[in-house]
Structures are given as C-alpha cells and as structure tokens.
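Asker: One predicted model, sequence on top.
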Amino acid sequence: MPESDLPTPAKASTHAVHELDNVPATQDNKRAEESVASKQHGITEPSPQESPKILPEESQRHTAQSQGDDPTSEPRVQNGGHPPGSEIELKLLVDADRMADFNAAPIIATNARNKGTRKHLKSVYYDTPKRTLRQNGLSLRVRQNGTRFVQTVKAEFADDPLRRGEWEANVPSIAPDVELAMPFIPPKLRSDLRRDPLEAVFTADIHRHARIVELPSGTIEVAFDQGSLKSGNQSMSVSEIELELKGGSASAIYDLALRLADHGQVRPSIRSKSARGYDLAANASPALRKPRKLRLDPAISLDEAFAKILRSCLHHLLGSLAAAEDGRDPEGVHQLRVSLRRLRAALDLMRSVGPLSNLDSFRSEARWLAQNLSAARDWDMFQRGTLPTIARACPSVAGFDALEQIAENCRSAAYQKVRLALADRRCSCFLIGLGGWIEARGWRSDVAAEDLGRLAEPAINFAGRILSDQYARVLKRGRRFKSLPAEKLHRLRLAAKRLRYVGDFLLPLYRDRKSVRRFSRRLADLQEELGSFNDMAITDSLFAELGGELSQSRTATAAIAGWQAHASIGVEARLRNTWQDFRKTKAPWLRGAEG
C-alpha cells in the first residue's frame, strides 16, 4: 500500500522494517476493521494512579484466542501468588540438535492433548529511539502468522519476572498502530510515544511447534521454538522450550521442567526473546536487575511470607544467570553470588519452624554453586578495581603490565569454571526443583503436625524473635571492637551480612518507618566498611595462590601490598566510627523505636 496511506506512527516504522528484515507491509481492510473492533471491546483505560508496570488485570490477554492456538481456559492459578489473566512462563534452553528428542519425550507424548500446531512466526519489535518502552518494562511487537498480523504489548510485573501482562489486537500490516496500544501504556509515557516515532529494533524469525500438556497439577502450553533474532548485521540463534501455564498451579511448570531435565540437558531461563533482542541490538551484556524491596503486609501469615521471600530469592537467582555466564559485566557473577547467599539465609530462617528435610539439600546445592563462582568474583574485583587503581597511582612502578596479564588469565579460567557449573545438570535440577518446591509450598509436608499451626501465625511475631537473635549475635561478635583481630572482624562481617539479609526479608513487615530506614542505612554502612577491610585479605589470598608466577611482577605486588596497608589505617578509623553509629541505632522491632 502507498506510504501516504499509512497512519503517521506506522509510516516511519515501515522504512525501518524493510531495512531490518525486508518483511512486506500489506493492506488488509478486513483485518483493520477487526483491529478496531478489538480495540473497542473488553478494554478498560488504566487509571493514572496505577503502577506503570502493572497494568489492569481485566484487560490482560483480552484476545486470548486470536493467535489461533488450541483454545484453553483462562489461567486459574492457585497458591495466591499469581492473579488470573497474566502470562506465567519459564524457558528451557536446549541444544538445537536435541529439540526433536524433547518433543518426543515420554512426558510430552503421554500427556499432550494432540500433535499440536506448527507455525512460522515472524515478529518485529518496536521502540522509540530512546528505548522508552524497554526502560519502563514494556515491549511492543507485531507478529505475522500466515496472512494475519497481531500486535502485542507486554508488561513486566515488578515483583515477579515469571509473570507478565499481555494485550493483543489485530492490525493490518507488520507496521505497528501506536494508538491501538495506548490503552495499555501508562499515561505518563503516552506523550513520549506520540512525539517520538517508533522504530524497528530487531526481528524474530521462529518456527514453533506448540502442544497442550495436561498434568495433574495443571495445564501447560509447551512451545518448541527454533530460529533466530536479528538486528542489522548481528544475529543470535534461538533454541528453547517455552512452558506457559494455562490452568492450575504454577508448580505444574516446574513439574514438567523437571521431567524434561530427566530426559536431557536443559537450562532454565526467565530471559525473554525481547530482552535478548534488545541486548543484541545494543551489543550489550545481558541486563541485570537487583531484587526489588519486598512488600509484606504486617498481617501476612508466616507461610505466605516464606513463599514471597523464597520466590524473591529464586527470581533474583534466575535473573542473574545470563549475565554471570556472559562475563562482560562483573556485576553478573556478583549478583548471582548475592542471590545464593540470600537464598541460604532464607532457608536458614525456616529452620526456626522445625526440622525440614529439604532445607539441607537446597542449602548444599546453593553452597556448591556459590563455590564455583568465588574465584571469578575475586579476580573481577582485583582486575577491575584494585589493580588499575593502584597502577594509575604508581606509574613509575614496573611489573603492572605482567600482573595484568596474569590476572586476565586467572579471570578467564575462573569464568570457564562458572560456565561449566551453570551448564551442569546438577545446577538445572537444583533451580527447577527449588522453583517447584516453592510453588507447591513443599515445606508444609515437612513440618511436623504439631508445628503446622505456627505457619498460620502472623509473620510479624516470628520476625521480632528472629531479628532480635540475629542482632544480638552481631553485637556479641563486635565486643571489644577496637582490639578485634582480622579473623574476628571477618566473623563479624558475616554476622552483619546475615542480619542485613534477614532484615531485607522481615523489616518490610514494620512498614517504611523512619526507624526502619535509619537502621537499614546504618547496617548497610557497617557491612560496606567491613567489606572494604575484607578486600585486602582477598588480595593477599590471590597472591598466595599465584606463588612463583609473580616473579616478573614482584615490584608491582609489593606496591599493591604497601598501598593497601597504608589505606587500612584510614579504613580502621572509619570502621570504628561506623560501628559506634550502628550500636547507637535503635532496633525498629523493639518497643520505643520511632515510627
């Protein structure tokens, strides 16, 4: 159709689409009429007060059958964690040459409704030049399936990366209709989208075989996807099994994933094609998102609080995998290690309810994975922090270049260890098993009958006891602070870190009071100062491991040791002051703390 006939927002996009993927943009008046109809029915306008990332449930996935898939009922999700009308999915990354084997796996062949449907899906993802949608947790694509074009807006949920809002409507061509998407865009972003024309960011060319699998715990759509993502001259292959919950408990996804893991190597992922495509277009390492602050109602039961805390830990862990494996951003391995520490702290919390048979197993697996990350994190800190800082300050000292090469070799070897651990079947089974245990509330079956009642009690009663115990442990380890040797400062650091994780989990029960914010800030300051002191010990241990390899850089290593010894004088003074500030801060869970 002539470009002059295109709506203004689509016109600018059409040129970009042809340049990116040469996808035809054809007119279909009947489809255009259908898209207007879908726009007018079943859609409510988001109110200005709504969160920009959590859009109205009543309009989520409002044209659920417009894709032509096997009709299924709307999700009926149990356990209270996920409202109906949202998309809950988990991806399993697999080798392309094994895809047919997974499709024929007994768990699929036995429980699939039929042979399913096969489609060739061509999609173009759009955004503004400033990536307004991406920065606000949204994506907009137009997908071609045969002669039909469907525009989809997806929104991430702030507290659950496995769940996304999804809204669809028919459009006449591969070019987007911005006005059709506006009801699902937060009001504060609409002017930006009307002002800045959308452009094609990347394309997805996917061959999909979709099947509906019925399990006792739920109904799942299983999509076997193979193809590629493209942006300019860059491309990335796609080979994944996408599990999307259609009905029942979210634990059904993990039940099926674990059975598929028994059949062959799979790697769980929550990273969408959209996220991968954006990173491909920007030639960037996988994006990282630190865990959001938990929000717990003071009246929440202990059982529900455990579920929210553990789910937060799992999402943090899953969200760090891709960046840790990629290795370009040192924050990837760091956040993965933090997520494992948080998980272990959360599992330890649950010991207070009674002996739970699965806790030791999950904690052991978390420790195993963390141990495979330690060297990479230590060399990241040294190579990207300690070494360049001191080398720039001491330009006349010889041996820094040789030391840099040694550090790079050690870092590369450490990251190879990380990748081997993440590719290990042990890692996949740990992550999938943990997810299923959380969604099924597996701890309920472990708790002795006489202790089950404690899970129904208000979590805030439990919180006060646990926080008091952890706080007392920190104060005890900090006695005679001025004379504490290095090994006891290390023990204090671990106790403070544990209190901080427990505080992150439980202090939200006390709302966002001034006393909570003050205590959290002082505890974070203490942990940071103790961490700076510990960095020096890490450098010593790295040098001790290298031994004779440092013969060509003795002068440089001596300079680093001297620099850190001198710096420790200032660190000790700040550390003492920070400790005093922390000791004077009123614990917010105690009576008399300021509101």
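Answerer: Yep, that arrived.
Asker: only C-alpha atoms for contact and neighbour calcs from this point on.
Answerer: Will do.
Asker: Which of the helices or strands spans Y501?
Answerer: helix 486-506 (DSSP states H and E).
Asker: packing partners for that helix?
Answerer: Packing partners of helix 486-506 (3 or more Cα pairs under 8 Å, 6 or more residues apart in numbering; DSSP states H and E): helix 331-350, helix 459-477, helix 514-546.
Asker: Output the ones you listed as a markdown table; include the columns mean pLDDT and mean neighbour count.
Answerer: Formatted as a markdown table, these follow (pLDDT from 0 to 100; neighbours: other Cα atoms under 10 Å):
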| stretch | mean pLDDT | mean neighbour count |
| --- | --- | --- |
| helix 331-350 | 95 | 21 |
| helix 459-477 | 94 | 17 |
| helix 514-546 | 88 | 17 |
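Asker: how about those in JSON lines, adding distance to S251?
Answerer: As requested, those are exported to JSON lines (distance: least, Cα to Cα, whole Å):
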{"stretch": "helix 331-350", "distance to S251": "19"}
{"stretch": "helix 459-477", "distance to S251": "24"}
{"stretch": "helix 514-546", "distance to S251": "34"}
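Asker: Show me the shaky parts of this structure.
Answerer: Applying pLDDT under 70 to the chain flags the ranges 1-87, 157-164, 570, 591-595.
Asker: before we move on, the earlier item: would you tell me which of the helices and strands packed on helix 486-506 gets closest to R141?
Answerer: helix 331-350 (27.9 Å; Cα to Cα).
Asker: Using neighbour counts, pick out the buried residues of whichever helix or strand comes after that closest one.
Answerer: As assigned by DSSP H and E, the chain's next helix or strand after helix 331-350 is helix 357-371. Of all the residues in helix 357-371, those buried under the rule 16 or more other Cα atoms under 10 Å are L359, F362, R363, E365, A366, R367, L369, A370.
Asker: Next, the angle helix 331-350 makes with helix 357-371.
Answerer: On the basis of axes from the mean of the first three to the mean of the last three Cα atoms, to 10 degrees, helix 357-371 is oriented at 160 degrees to helix 331-350.
Asker: Counting by contacts, list what helix 357-371 packs against.
Answerer: helix 331-350, helix 425-439, helix 443-446.
Asker: Same list (the buried residues of helix 357-371) but as TSV, adding distance to E487.
Answerer: Converted to TSV, the buried residues of helix 357-371 look like this (distance: Cα to Cα, whole Å):
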residue	distance to E487
L359	28
F362	28
R363	24
E365	26
A366	24
R367	21
L369	25
A370	21
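Asker: Let me know the closest of the residues you listed to L452.
Answerer: L359 (16.5 Å).
Asker: Need the nearest residue in space to that closest one, chain neighbours excluded.
Answerer: L347 (6.2 Å; Cα to Cα, 6 or more residues apart in numbering).
Asker: who's in contact with that neighbour?
Answerer: Taking Cα atoms under 8 Å, 6 or more residues apart in numbering, we find L347 in contact with L310, L359, R363.
Asker: Just put the residues you listed in TSV and tack on distance to V178.
Answerer: Conversion of these to TSV gives the following (distance: Cα to Cα, whole Å):
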residue	distance to V178
L310	39
L359	49
R363	48
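Asker: about what we covered before: what residues does the helix holding Y501 touch?
Answerer: The contact list for helix 486-506 (Cα under 8 Å, 6+ apart) reads 293-294, 309, 342, 345-346, 349, 460, 463, 467, 470-471, 473-474, 477-478, 520, 523-524, 526-527, 530-531, 534.
Asker: and A175, what are its phi and psi?
Answerer: Backbone geometry at A175, expressed as degrees, to the nearest 10, gives phi -80, psi 140.
Asker: now do A155
Answerer: With angles defined as degrees, to the nearest 10, A155 sits at phi -130, psi 140.
Asker: residues near it, how many?
Answerer: Neighbours of A155 under the rule other Cα atoms under 10 Å: 27.
Asker: roughly how far apart are it and K273?
Answerer: Distance of A155 to K273, given as Cα to Cα, to the nearest Å: 14 Å.
Asker: go on, F462?
Answerer: Separation of F462 from K273 (Cα to Cα) stands at 41 Å.
Asker: follow-up on the earlier one: next, the angle helix 514-546 makes with the helix holding Y501.
Answerer: Going by the same axes, to 10 degrees, helix 486-506 makes 140 degrees with helix 514-546.
Asker: can you give me the offset of the strand ranked longest in the chain from its chain's centre?
Answerer: Ranked by residue count and defined by DSSP state E, the top strand of the chain is strand 199-215. In terms of Cα atoms, centre = their mean, to the nearest Å, the gap separating the centre of strand 199-215 from the centre of its chain is 21 Å.
Asker: Give the buried residues for stretch 146-153.
Answerer: Within stretch 146-153, judged by 16+ other Cα under 10 Å, the buried ones are R148, F149, V150, Q151, T152, V153.
Asker: What does G247 show for phi and psi?
Answerer: Note on G247: backbone dihedrals following degrees, to the nearest 10 are phi -170, psi 150.
Asker: Now do the strands in the chain.
Answerer: In the chain, the segments counted as strands under DSSP E are 87-93, 117-127, 138-145, 148-157, 160-170, 199-215, 218-231, 234-248, 267-269.
Asker: burial measure for L310, as a count.
Answerer: Neighbours of L310 under the rule other Cα under 10 Å: 24.
Asker: isn't it right next to A345, touching?
Answerer: No: counting by Cα atoms under 8 Å, L310 sits too far from A345 to count as a contact (9.9 Å).
Asker: hmm, back to that, now the helices and strands packed on helix 357-371 in a markdown table, with distance to T555?
Answerer: Shown next, in a markdown table, are the helices and strands packed on helix 357-371 (distance: least, Cα to Cα, whole Å):
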| stretch | distance to T555 |
| --- | --- |
| helix 331-350 | 30 |
| helix 425-439 | 42 |
| helix 443-446 | 56 |
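Asker: Which one, of those, ends up nearest to M236?
Answerer: Between the helices and strands packed on helix 357-371, helix 331-350 lies closest to M236; by Cα to Cα that is 20.4 Å.
Asker: any idea of the angle the closest one forms with helix 459-477?
Answerer: Going by the same axes, to 10 degrees, helix 331-350 makes 110 degrees with helix 459-477.
Asker: CA atoms only: put helix 331-350 into CSV for me.
Answerer: C-alpha atoms of helix 331-350 as CSV (Å, rounded to 0.1, in the frame of the first residue of the first chain):
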residue,chain,number,x,y,z
GLU,A,331,28.0,-7.5,38.4
GLY,A,332,26.6,-10.7,36.9
VAL,A,333,28.6,-13.1,39.0
HIS,A,334,28.4,-10.7,42.0
GLN,A,335,24.6,-10.7,41.9
LEU,A,336,24.4,-14.4,41.4
ARG,A,337,26.6,-14.9,44.5
VAL,A,338,24.4,-12.5,46.4
SER,A,339,21.2,-14.3,45.3
LEU,A,340,22.7,-17.6,46.6
ARG,A,341,23.6,-16.0,49.9
ARG,A,342,20.1,-14.6,50.2
LEU,A,343,18.6,-18.0,49.4
ARG,A,344,20.7,-19.7,52.1
ALA,A,345,19.7,-17.0,54.6
ALA,A,346,16.0,-17.5,53.7
LEU,A,347,16.3,-21.3,54.1
ASP,A,348,18.0,-20.9,57.5
LEU,A,349,15.1,-18.7,58.6
MET,A,350,12.8,-21.7,58.1
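Asker: Please state the offset of it from the chain centre?
Answerer: In terms of Cα atoms, centre = their mean, the gap separating the centre of helix 331-350 from the centre of its chain is 13 Å.
Asker: cool, and stretch 423-434?
Answerer: The answer for stretch 423-434 is 16 Å, by Cα atoms, centre = their mean.
Asker: Which residues does it contact?
Answerer: Contact with stretch 423-434 is made by 254, 257-258, 261, 265-268, 314, 362, 365, 369, 421-422, as judged by Cα under 8 Å, 6+ apart.
Asker: among these, which ones are buried?
Answerer: Neighbour-count burial (16+ other Cα under 10 Å) applied to the contacts of stretch 423-434 gives 254, 257-258, 261, 265-268, 314, 362, 365, 369, 421-422.
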